[in-house]
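> Just need the structure, nothing else, for what follows:
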Amino acid sequence: MRHIPTLFIFISFITSCEGAVSANGEPDTVKSSIDLGGDKKRETLTDMSNGTVPKIDEMSPDMSDKNDTSPEPPTVEERIPVVVAFGWKGLTSLSIDEGKTWCETGLMSDRHNDLFRGGAYHDGLFVGAHAGFKNRGAIITSTNGYEWTAHHSTNANPELPENPSGQWYGGVAYGNGKWVAGGGGCSQMASSTDGKSWAKIADLPACKPIRSMAFGNGRFVAGLDELGWWESVDGENWTQKDAGAGTTVVWNGSDFEGPINGKTYYRGRGVCLWGEGGGSTAKIVRSENADCSDPIDAGPVADKVMAIVFGEAPAKDFQAGAIPDELGTCLGL
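Next up is the predicted model:
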């Protein structure tokens, strides 16, 4: 009686199989129905010509209804195009329609001692190179173009530490994994990896102030008083590039250029922008042509423009309740 259960299971399995019969009367294959629990069954077609029966534990259950535990894809933050103009009196002016409409986002107290000589953008961060003499210059940053944070002492924030270069800044640029800023004295220099924490680096080997800086084609270029353009790959080892190029340098998307017919053009996203006048006559001019022809006045600004920077900012910062009411009204939001 001890063998009856085993025989019973084997007979039950055989009687549940349906299969074809070969010419010699032996089954070629059988179709087995295996109970997997609930209302799920697995049917399998098995070669029986060798007289073997498949082991149940060799059959794979249907796992199609198993919960997907893979991580959700990361949320991509919506961003909008933003253009920032920097200039005298700590001017920061903002446009979100590619330079058609401009709105002031900040002014400081002194026209000359609070001026911005340069600015740059990289990976979500706008950086302004402040050139005030009283506070020896500062780096000021923003992620949206209207909320600004000073990282060094200014007339408005005298309690902050002085910048490590010890001089005013004439230009700033990002490239090859770092920010580089330079300015007064004997071309005093500083660098940063995040745009916020800065350290002194070796001065450019030419004892004249830096008035502007740009990055393109894998190298930095600085414009110096009386000594033209100097270039560097790492921001620390410099050689003279063009002695007669002047103090202004910008990257136009394909090459470095200085003023053309007395105007410094800033090109980006299919438009050409530049500043004209100073004080009460200051304005920004705009052209949609590659050669900057047929320009139109894009509107007045509070003072002379020294740099225009194309970047992006989080769209959520320009929604009602986030953006200041006055700025939102000016931008038409």
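> okay, the residue nearest to T193 when sequence neighbours are not counted: pLDDT?
Leaving aside its chain neighbours, T193 sits nearest to K178 (5.7 Å; criterion: Cβ to Cβ, 6 or more residues apart in numbering). (Glycine included, C-beta is placed from N, CA and C.) Model confidence at K178, expressed as pLDDT, equals 98.
> From what I see, K178 and S191 are in contact.
Yes. Counting by Cβ atoms under 8 Å, S191 is a contact partner of K178 at 5.2 Å.
> so who does the closest residue to P81 other than its chain neighbours touch?
Sequence neighbours aside, E312 is the residue nearest to P81 in space, at 5.9 Å (criterion: Cβ to Cβ, 6+ apart). Going by Cβ atoms under 8 Å, 6 or more residues apart in numbering, E312 touches R79, I80, P81, V82, G124.
> Got phi/psi on the last one?
By that I understand G124. phi 90, psi 0 (degrees, to the nearest 10).
> any idea how far it is from A138?
20 Å (Cβ to Cβ, to the nearest Å).
> Which of those two has more residues huddled nearby?
The neighbour count for G124 versus A138, taken as other Cβ atoms under 10 Å, is higher for A138 (28 against 15).
> what's the distance between that one and G171?
Between A138 and G171 the distance is 14 Å, computed by Cβ to Cβ.
> overlap in contacts of those two?
Taking Cβ under 8 Å, 6+ apart as the contact definition, A138 and G171 share no neighbouring residue.
> how deep is P295 tucked in, by neighbour count?
Other residues within reach of P295, judged by other Cβ under 10 Å, total 17.
> ah, wrong one, I meant I296
Burial of I296 is recorded as 10 neighbouring residues (other Cβ under 10 Å).
> shouldn't it be in contact with K283?
No. Checked against Cβ under 8 Å, the pair I296 and K283 is beyond contact range at 10.5 Å.
> Residues that sit against both of these two, list them.
Common contacts of I296 and K283, defined by Cβ under 8 Å, 6+ apart, are absent altogether.
> Output the lowest mean pLDDT helix or strand found in the protein.
Evaluated with mean pLDDT, DSSP states H and E, the helix-and-strand set of the chain has its lowest mean pLDDT in helix 4-15, which scores a mean of 39.
> Surely C186 is in contact with D203?
Yes. Under the contact definition of Cβ under 8 Å, C186 touches D203, with a separation of 5.5 Å.
> Comparing the two, which shows the higher neighbour count?
More neighbours sit around D203 than around the other of C186 and D203, counting by other Cβ under 10 Å; the figures are 18 against 14.
> Correct me if wrong: that one contacts G184.
No. Here D203 lies out of contact with G184, judged by Cβ under 8 Å, at a distance of 10.8 Å.
> Who wins on neighbours among the contacts of E312?
Ranked by the number of neighbours (other Cβ under 10 Å), these place V82 first, at 25 neighbours.
> that's a strand at it, yeah?
Yes. Assessed by DSSP: H, G, I helix; E, B strand; the rest coil, V82 belongs to a strand.
> Would it be right to say that the residue nearest to P81 lies in a strand?
Yes. Read with three-state DSSP, E312 is one of the residues of a strand.
> That one and G145, how far apart?
Plainly put, E312 is 9 Å away from G145 if you go by Cβ to Cβ.
> again with N237
The gap separating N237 from G145 is 33 Å, by Cβ to Cβ.
> neighbour-wise, which of the two wins?
Taking neighbours as other Cβ under 10 Å, N237 and G145 compare with G145 leading, 27 against 11.
> For the more buried one, give me the pLDDT.
Per the predicted model, pLDDT is 97 at G145.
> wait, isn't it in contact with G311?
Yes. Under the criterion of Cβ under 8 Å, G145 is in contact with G311, at a separation of 7.2 Å.
> which residues are in contact with both of the two?
Overlap of the contact sets of G145 and G311 (by Cβ under 8 Å, 6+ apart) consists of V82, V84, F126.
> can I see the domain layout of this structure?
Following automatic domain parsing, the chain resolves into domains at 4-58, 79-331.
> which one of those lies closest to S70?
When these are compared for distance to S70 using Cβ to Cβ, the nearest one is domain 4-58, at 23.5 Å.
> which residues touch V250?
Residues near V250 by Cβ under 8 Å, 6+ apart: S212, A214, F256, E257, G258, T264, Y265, Y266.
> One more pass at 6 Å, please.
A214 (Cβ atoms under 6 Å, 6 or more residues apart in numbering).
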